[in-house]
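> compute the structure for the input listed below.
(chains A, B and C)
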Amino acid sequence: MAGAVVIDEAFFARGVVQVARDLVGCVVRHGGVAGRIVETEAYHSDEPASHSYAGRTARTAILFGPPGIAYVYRSYGIHALLNAVCEDEAAGAAVLIRALEPLEGLESMRARRGLQDGAALCSGPGKLTQALGVVLEHNGTSLLRGPVRIEPPPAALAAPRLVAGPRIGITKATDLPWRFSQAGSRYVSKPWPAGGRGA
DNA sequence: CATGGGATTGACT
DNA sequence: GTCAATCCCATGC
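Below is the predicted model:
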């Protein structure tokens, strides 16, 4: 594992859980605004929590497309959530980007969010899209070429230590440990239970 | 065609 | 801790 991580279509074409793990530490950039991914979740059409579970529809067509594409959808009528499509066109798989550590363009983030506190700028899937200016119109655009891009982890930053656990905010398949985050990060959407205590 | 629910957030008690 | 906001779309009759 000596070579640098390369983010290309093959990176996203691998198993969605592996991609979810490897995306922690990568950077999401939209113009001059960027943040380091500290939390992700994996979704696959084989399990009922995924939008693609019911099969290919107008809404989920993007999920059944090529990997490396952004799937952006509206949640609870108000929030835009950002996903990266993974695996092949039959998988209906994607990684939800749940939280970022702000790196660049903090002033733009604060202006869009109407907040000052850095830890709260991107600590949730709806928050980070607002902070980055990601909107529904980015649905179907390439995460490799932009306008919204995913970049390899900065060489200056150490590889994060991962924590895995059940996904958040879903009512089905809650047993799958498909949520991944950077251990100890204060930028995650929800803190992890300490010492294996229940939430 | 009517209805219900959701991968959330923020404000309020 | 509780709860409303607000829109897309899957499901059911």
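
> and the contacts of stretch A:81-91?
The contact list for stretch A:81-91, computed with CB atoms under 8 Å, 6 or more residues apart in numbering, reads A:12-16, A:19, A:23, A:28, A:42-45, A:62-75, A:93-97, A:125-126, A:128-129, A:134, A:138, A:143, A:148, A:150. Bear in mind the C-beta positions are built from the backbone N, C-alpha and C, glycine included.

> can you tell me which of those residues are in helices?
A:12-13, A:16, A:19, A:23, A:125-126, A:128-129 (DSSP state H).

> which one of these is nearest to residue A:167?
residue A:125 (11.3 Å; CB to CB).

> residue A:44 reaches residue A:51, doesn't it?
No: here residue A:44 does not reach residue A:51: they are 10.7 Å apart, not a contact under CB atoms under 8 Å.

> looking at the two, which has the bigger crowd around it?
residue A:44 (22 against 17; other CB atoms under 10 Å).

> what's the distance between the residue nearest to that one when sequence neighbours are not counted and residue A:153?
Closest residue to residue A:44 apart from its sequence neighbours, by CB to CB, 6 or more residues apart in numbering: residue A:93 at 4.5 Å. Distance, residue A:93 to residue A:153, using CB to CB, to the nearest Å: 22 Å.

> cool, and residue A:77?
Taken as CB to CB, the span from residue A:77 to residue A:153 is 34 Å.

> out of the two, which sits in the busier spot?
Of the pair residue A:77 and residue A:153, residue A:153 is the one with more neighbours under other CB under 10 Å, namely 20 against 5.

> looks like residue A:59 contacts residue A:51 (just checking).
Yes: the criterion here is CB under 8 Å, and residue A:59 meets it with residue A:51 at 6.7 Å.

> residue A:37: what secondary structure?
Here residue A:37 is strand, with the state taken from DSSP: H, G, I helix; E, B strand; the rest coil.

> what's around the nearest residue to residue A:30 once chain neighbours are set aside, how many residues?
Residue nearest to residue A:30 in three dimensions, not counting chain neighbours: residue A:132, with 4.4 Å by CB to CB, 6+ apart. Here the number of neighbours of residue A:132 (other CB under 10 Å) works out to 28.
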